[in-house]
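Colleague: Predicted model follows, preceded by the sequence.
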Amino acid sequence: MKYKFIPLLVLIIFLSGCWDSNEPERLVYAHGVGVDYKDGKVVVYLQIINLQGLAKTEAGGDPSSQNASDVGTGTGDTLEEAIFDLYHTSDRRIYWGHLSFVIFSDEALNAGGFKKTVDFLDRYRETRYRIYFYMTKESVKEAMLVAPIENISLAFSKLSDPEGNYKQSSFIPPINLRELIIEMDEPAYFVSIPRMKVTKQWSGQKEKKKDLLLDSIAVISENKIKTIFPTRAMKGARLVNKNFVRDSVTLFPGTRQDTSVIVYEKKVKMKPVIEKDGKVRFHIKMKLKSSIETMKVDSSPKEYERELKRILKKEIKYTYKYAKEKKVDLFRLSETLYRKDIKKWKEIQKDGEIPLEDDTIKSIKIEVNLQNTGKDKLTPIFEDQKDKGHMDR
């Protein structure tokens, strides 16, 4: 009879168990990390957030807590020392499973902080691969203290959730930990990180608000900054980017015909061809759709298509020339050849890159499908614009 209770005792032993778990309200949640380098020391900034801001107001969430965050500072000779310096001042255990972004300063990247930080995040058991990377030449701490507009939760800020913003205007692509590791392992062995600055382009009822602007990209190679690409040099790269969704292009710039066009549903093929002289040339073929958003004068669809093709070809050529001068294969032509003809790639590559010349891109063919403007009309709203295109003064 006494043996009947043995199975019950075994079940009690195995089911009794959450005594070593961490209750959510007893944890501090790391949301963002800033890495700087000052006076020979690594400086780490840690942003922690109140997750109550994610709850809906009607469900008991506190609206005032949505933007509530604190930024701690730790210093040390190494990244780990700086992080443990932060641990010593934290009230509770810091949980890293919700870490969303990392911001580097120029000094941190030039001091070799990029590789060490990526290695730490990739190894640590709590971190995930959906961590986005940025850099700034300004104050890292100031950037981390910028709150989103309209009381949006910090969990959905531009830094922690950039995909929505990129889908509306696909200019500077975000990059997360998974994508970063993949790109650093591919031929050419570099990665492009968005570079941002603090601006005041938004205003509240009482004062201007600080916001973050992604205005350029930093190319990281061999654990340091190789070069910075300004806005004007990146236009030709946006359509080549595989994650491109949509963006605006200005046609007939500087004339009375200047028009805004949205381009989307892009498809790009890059085909390497080995010439008789043994050199590799590339043919770029692109298909895309476009729609006219604003119109000043009456023009035919063919005129718009021709101008759009001209502008896009000009942008691609300019970006390629700028990147070539900086010795950066921004279009990843080396990777394309690596995947299409690895034998030829091995023959001509040097340190993972193939030589780039003025005529490496031999041809650019663009096919444009001009859609309606959203209201099934391709004429100006005001009739007098057909003749003038501007106001009489």
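Modeller: Alright, I've got the coordinates.

Colleague: State the mean pLDDT of stretch 260-272.
Modeller: For stretch 260-272, the mean per-residue pLDDT is 93.

Colleague: Also stretch 365-378?
Modeller: Stretch 365-378 comes out at a mean pLDDT of 74.

Colleague: Over to stretch 295-315?
Modeller: So the average pLDDT for stretch 295-315 ends up being 85.

Colleague: Each with direction, which strands does the helix or strand hosting I193 pair with?
Modeller: Using DSSP states H and E, I193 sits in strand 190-203. Strand 190-203 pairs in its sheet with strand 132-136 (parallel), strand 208-221 (antiparallel), by DSSP bridges.

Colleague: Of these, which shows the lowest average pLDDT?
Modeller: Taking the mean pLDDT of the strands paired with strand 190-203, strand 208-221 comes last: a mean of 90.

Colleague: deepest of the strands paired with strand 190-203, which one?
Modeller: Most buried of the strands paired with strand 190-203, by mean neighbour count (mean count of other C-beta atoms under 10 Å): strand 132-136, with a mean of 24. For glycine as for every other residue, the C-beta is placed from the backbone atoms N, C-alpha and C.

Colleague: now that one, how far from the centre of its chain.
Modeller: Distance, stretch centre to chain centre, for strand 132-136: 8 Å (C-alpha atoms, centre = their mean, to the nearest Å).

Colleague: CA atoms of it as PDB?
Modeller: Presented in PDB, the C-alpha positions along strand 132-136 are these (Å, rounded to 0.1, in the frame of the first residue of the first chain):
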ATOM      1  CA  TYR A 132      20.100  46.900 -35.400                       C
ATOM      2  CA  PHE A 133      23.400  48.800 -35.800                       C
ATOM      3  CA  TYR A 134      24.100  52.500 -36.200                       C
ATOM      4  CA  MET A 135      26.900  55.000 -35.700                       C
ATOM      5  CA  THR A 136      27.100  58.700 -35.100                       C
END
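
Colleague: Quick one: the helices in the protein, in order.
Modeller: If DSSP state H is used as the criterion, the helices of the chain fall at 6-15, 79-87, 106-110, 113-123, 140-144, 163-168, 177-185, 235-238, 301-325, 333-340, 342-348.

Colleague: Quick one: residues in contact with the longest one.
Modeller: By C-beta atoms under 8 Å, 6 or more residues apart in numbering, the surrounding residues in contact with helix 301-325 are 229, 232-237, 239-240, 249-253, 259, 261, 263, 284, 286, 290, 292, 329-331, 356-358, 360-361, 364, 366, 368, 370, 378.

Colleague: okay, L15: pLDDT?
Modeller: 55.

Colleague: Would you quantify the distance from the closest residue to I284 other than its chain neighbours to T336?
Modeller: Distance criterion C-beta to C-beta, 6 or more residues apart in numbering; nearest residue to I284, sequence neighbours excluded, is I364 at 4.8 Å. According to C-beta to C-beta, to the nearest Å, I364 and T336 sit 15 Å apart.

Colleague: S291 now?
Modeller: 30 Å.

Colleague: ditto for F114
Modeller: F114 is 25 Å from T336, by C-beta to C-beta.

Colleague: Equivalent analysis for I311, please.
Modeller: Counting by C-beta to C-beta, the gap from I311 to T336 is 24 Å.

Colleague: Report the spatially closest residue to V44, excluding sequence-adjacent ones.
Modeller: A82 (4.0 Å).

Colleague: how many neighbours does the one you found have?
Modeller: Counted with other C-beta atoms under 10 Å, residues neighbouring A82 total 21.

Colleague: hang on, it packs against V42?
Modeller: Yes: counting by C-beta atoms under 8 Å, V42 is a contact partner of A82 at 4.7 Å.

Colleague: and the residue nearest to R92 when sequence neighbours are not counted, how many neighbours does it have?
Modeller: Counting by C-beta to C-beta, 6+ apart, R92 lies nearest to V28, which is 4.6 Å off, once chain neighbours are set aside. Neighbour count for V28, taken as other C-beta under 10 Å: 16.

Colleague: Could I get the contacting residues of V28?
Modeller: 48, 90-95 are the contacts of V28 under C-beta under 8 Å, 6+ apart.

Colleague: Show me which of those residues is closest to L213.
Modeller: I48 (24.7 Å; C-beta to C-beta).

Colleague: pLDDT weak spots in this protein?
Modeller: The model of the chain has pLDDT under 70 over residues 1-25, 51-68, 150-151, 296-298, 372-393.

Colleague: mind listing the strands for the stretch 251-393 of the chain?
Modeller: In the stretch 251-393 of the chain, the segments counted as strands under DSSP state E, counting those that start in this stretch are 259-274, 280-292, 361-370.
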